[in-house]
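Colleague: Okay, here's the prediction I keep looking at, along with the sequence it came from:
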Amino acid sequence: MFVSARESVDSFVASTFAGPPPRGLPALPPVARLSPLVVRVVGMNPSAFTLQGTNTYLVGRGPTRWLVDSGEGKPAYVPELRRAMEAEGVTRLAGILLTHWHHDHVGGVADVRALLADVISTAAEKNASSEKNASDDDPPVVVVPAYKRVRRDKGERSIPLSAPAEAHRASRTYVDLEDGQILDAVPGATLRVSLTPGHAEDHACFELVEEGSVFAGDCVVNGTTANFEDLAAYSASLERMAKELEASKANAEAKCAEAKRRARRSSEDDDARVDDAAAAAAAAFGRLYPSHGDVIADGSKKLEEYRAHRFRREENFVEELRAARTREPERGGLTCWELCRRTYGASVPWLVLHHACAPITRQHLAKLVEEGRVVEERGAGLARFWRAAKYTPSEEEMKKTKPRRETTRGRRA
């Protein structure tokens with residue numbers, strides 16, 4: 001299918017030519033326990049787009065866990081995931097929860113399934129009776145469903161959870177996610193689905209109810225700002241995330257306080273155990289677990305920073321257009337690409353500028369034109385079909401007081 005081929009080409013270019021991560025980011029260990037319920041395994045694919053790499057998360061307690069995202073299929077990832085599973089005593093996955101379709105999130109699904117088959121096969125060999133050679137057994141049939149919001153118009157297919165293993169292993173086939181869906185197949189780790197389009201049309205976040213924390217996917221990353229394909233949808237998703245995170249945090253805090261009250265009516269030993277568990281859980285209240293970058297301890301603060309940044313960036317665009325009209329009236333405005341280059345500067349790598357900053361600029365310009373703050377000029381006659389549109393502030397916008405320029409430039413998109 002054409003869509004799949006185009007997405008594959010885009011993924012290859014981004015993965016191969018993106019360049020190194022931005023400077024100044026903290027080093028992340030390949031495997032790290034972040035809370036009693038969350039272990040992070042980095043996808044071993046650092047770049048300008050993925051920062052230290054794409055984070056994947058083992059979620060829950062006991063031998064069966066969820067895995068949030070699967071990396072992009074780098075050979076170095078599977079050994080780290082195996083190491084994390086062995087350290088945690090994990091032998092099964094209830095499923096792979098995919099935040100969205102981008103290759104650095106879904107590209108490792110097949111590798112994860114192969115790892116699970118090997119883990120189960122190794123365990124079966126160890127447990128085989130001495131009378132029967134384990135090599136005579138049939139290979140284990142492993143069903144590790146991949147959950148994702150299905151894009152049917154892009155050639156993806158939805159199958160029921162009960163479908164046979166062969167159906168689950170088919171390319172671009174997923175168990176469809178629904179907004180508000182509760183995923184409770186792993187004891188002690190309840191996840192609630194929240195559909196958050198904008199960064200990608202199928203983007204989903206997962207609230208970890210017991211912690212009052214959220215796996216934020218690419219809606220929010222730590223170390224730069226996220227790009228998006230639909231500004232209106234993305235802005236709405238950020239607003240929704242902020243409200244839901246506060247409610248989830250409050251709910252988790254209330255449950256933790258109730259558990260402590262019950263313990264005080266019990267023995268001192270129980271009280272001490274609950275206090276220890278409560279302290280560990282309290283550290284995660286309100287967290288965001290992003291797909292790129294370190295844990296965000298105060299998710300509400302970060303979401304507010306994101307919303308404020310989008311406002312400042314929009315004002316930057318208008319300021320650049322205002323300056324161009326004042327200093328270079330003969331140009332008749334700036335094209336999207338010219339505005340992008342002037343706003344983000346030469347410090348941004350070309351591939352990031354082209355694949356991330358330029359789409360963001362187009363989205364903001366479309367919003368500003370719709371609001372009447374900016375005028376779009378496409379020329380007359382046949383030229384309108386091949387000449388890039390130019391943008392200039394409206395007359396009303398030119399009368400406004402010039403806002404302060406944001407001082408942070410470069411990699412923040």
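Modeller: Nice, I can see it.
Colleague: Strands of the stretch 251-400 of the chain, start to end?
Modeller: Applying DSSP state E, counting those that start in this stretch to the stretch 251-400 of the chain gives strands spanning 288-290, 334-335, 374-377, 390-393.
Colleague: Between the ones you listed, which one is closest to Arg264.
Modeller: strand 288-290 (31.3 Å; Cβ to Cβ). Just so you know, the C-beta spots here come from the backbone N, C-alpha and C atoms, and that holds for glycine as well.
Colleague: how far out from the middle of the chain is the closest one?
Modeller: Relative to the centre of its chain, strand 288-290 is centred 8 Å away, using Cα atoms, centre = their mean, to the nearest Å.
Colleague: Just the mean pLDDT for that strand, thanks.
Modeller: Per-residue pLDDT over strand 288-290 has a mean of 98.
Colleague: and if you look at stretch 118-132?
Modeller: Per-residue pLDDT values across stretch 118-132 average out to 65.
Colleague: And for stretch 95-108?
Modeller: On average, stretch 95-108 scores 97.
Colleague: Need the distance between the two termini of that stretch.
Modeller: The separation between the terminal residues of stretch 95-108, taken as Cα to Cα, to the nearest Å, is 13 Å.
Colleague: That stretch: which residues count as buried?
Modeller: Judged by neighbour count (16 or more other Cβ atoms under 10 Å), stretch 95-108 contains these buried residues: 95-108.
Colleague: Please narrow the residues you listed to those residing in helices.
Modeller: By the criterion of DSSP state H, membership of those in helices covers 103-106.
Colleague: taking these as a set, which two sit the farthest apart in space?
Modeller: Using Cβ to Cβ, the two most remote members of those are Asp104 and Val106, lying 8.2 Å apart.
Colleague: Find the one among the strands of the stretch 251-400 of the chain with the highest mean neighbour count.
Modeller: Of all the strands of the stretch 251-400 of the chain, strand 288-290 has the most neighbours on average by mean count of other Cβ atoms under 10 Å, namely a mean of 26.
Colleague: Can you tell me the centre-most residue of this structure?
Modeller: The geometric centre of the chain, computed from its C-alpha atoms, lies nearest to Gly217 (Cα atoms, centre = their mean), at 1.9 Å.
Colleague: Is there a neighbour count for the spatially closest residue to Glu178 that is not a sequence neighbour? I'd like the number.
Modeller: Sequence neighbours aside, Val193 is the residue nearest to Glu178 in space, at 6.5 Å (criterion: Cβ to Cβ, 6 or more residues apart in numbering). Other residues near Val193 come to 19 when the count uses other Cβ atoms under 10 Å.
Colleague: Doesn't Val193 belong to a strand?
Modeller: Yes - counting by DSSP: H, G, I helix; E, B strand; the rest coil, Val193 falls inside a strand.
Colleague: residues contacting it?
Modeller: Val193 makes contact with 177-183, 204-206 under the criterion Cβ atoms under 8 Å, 6 or more residues apart in numbering.
Colleague: Which parts of the stretch 251-400 of the chain are helices?
Modeller: With helices called from DSSP state H, counting those that start in this stretch, the stretch 251-400 of the chain shows them at 268-282, 299-327, 336-344, 350-352, 358-371, 395-398.
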